[in-house]
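>>> what shape does this take:
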Amino acid sequence: MVLECRDVVKRYGQKEALKGVSFELEAGKIIGLLGPNGSGKTTLIKIINGLLSKNSGSILVCGHPVGVESKKRISYLPERTYLNLDMKVKECIQMFKDFYQDFDDKKALELVKKLSVDPDEKMKHLSKGTKEKVQLILVMSRNADLYILDEPIAGVDPAARDLILNLIISNLNPKASLLICTHLIYDIESILDDVIFINEGRIILHRNADELRSQYNGSINDAFREAFKCF
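Numbering: from 1, shown residues only. Below is the predicted model of the structure:
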């Protein structure tokens, strides 16, 4: 298994943000972690990436507990921009090359050219959609076992969303898994192999995407609406 979560609990004071979350992710899958705002998606992702500590439970990434070894195997796109906006695109690529041993700078430069991004332009001068492209280029140019993308298409126009999804699919290592966290189900449902619904810190559904499509006339979005109408 690429990722194993067992009874993961996270508390903020008296509030439980995650209430015994358990699931497994196989290699070579694209999995949607789907839920409304405040459902626990980002908290869970930050714990998997070692950015938050859990109160109890266990997490293994390719057999390794969260730590130095697990972080080597994860390529993570956070919800918010983390790059220095005064840096040029090519400087961001060089930074990733220096920081990650598995980063393919040639691939990154090819993608920058393919997507008509000026490598000499500073990040702060790019449109929101182009910033999203650059961040995804950097994340997808690593040779990781698990890619985790937190809201990779939020706030960009529909045309840019299609381009970004194509970038994700065409550059994914076929032996790796991708966990994509979003509330924009309609835009990403066509690429999913498996679906996890989370609400109020609990996993309420984990199923094969084709099974859900068959049950709900081809629409995972409809399955989502049905699952959450009672919450």
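
>>> can you pull up the most central residue in the protein?
In the chain, the residue lying closest to the centroid (Cα atoms, centre = their mean) is residue 149, at 1.7 Å.

>>> checking that residue next. Helix, strand or coil?
Using DSSP: H, G, I helix; E, B strand; the rest coil, the three-state assignment for residue 149 comes out as strand.

>>> and it, what is it in contact with?
Taking Cβ atoms under 8 Å, 6 or more residues apart in numbering as the criterion, residue 149 is in contact with 77, 136, 139, 168, 178-181. Every C-beta, even on glycine, is put in place using the N, C-alpha and C of the backbone.

>>> if we use 10 Å, what do you get?
The contact partners of residue 149, by Cβ atoms under 10 Å, 6 or more residues apart in numbering, come to 33, 45, 75-79, 135-136, 139-140, 164, 168, 178-182, 188.

>>> and it, what pLDDT?
Looking at residue 149, its pLDDT is 93.

>>> what do you get for the one 4 residues further on?
Per-residue confidence (pLDDT) for residue 153: 76.

>>> now do residue 142
Residue-level pLDDT assigned to residue 142 equals 95.

>>> with residue 229 instead?
On the pLDDT scale, residue 229 is placed at 75.

>>> likewise for residue 51?
Turning to residue 51, the model gives it a pLDDT of 95.

>>> and the contacts of the helix or strand of the chain with the lowest mean pLDDT?
The helix or strand of the chain with the poorest confidence is helix 158-170; it has a mean of 79 (mean pLDDT, DSSP states H and E). Residues external to helix 158-170 that are found in contact with it (Cβ under 10 Å, 6+ apart): 30, 77, 111, 114-115, 127-130, 132-133, 135-137, 139-140, 147, 149, 152-157, 178, 180, 184, 187-188, 190-191.

>>> done for today, thanks.
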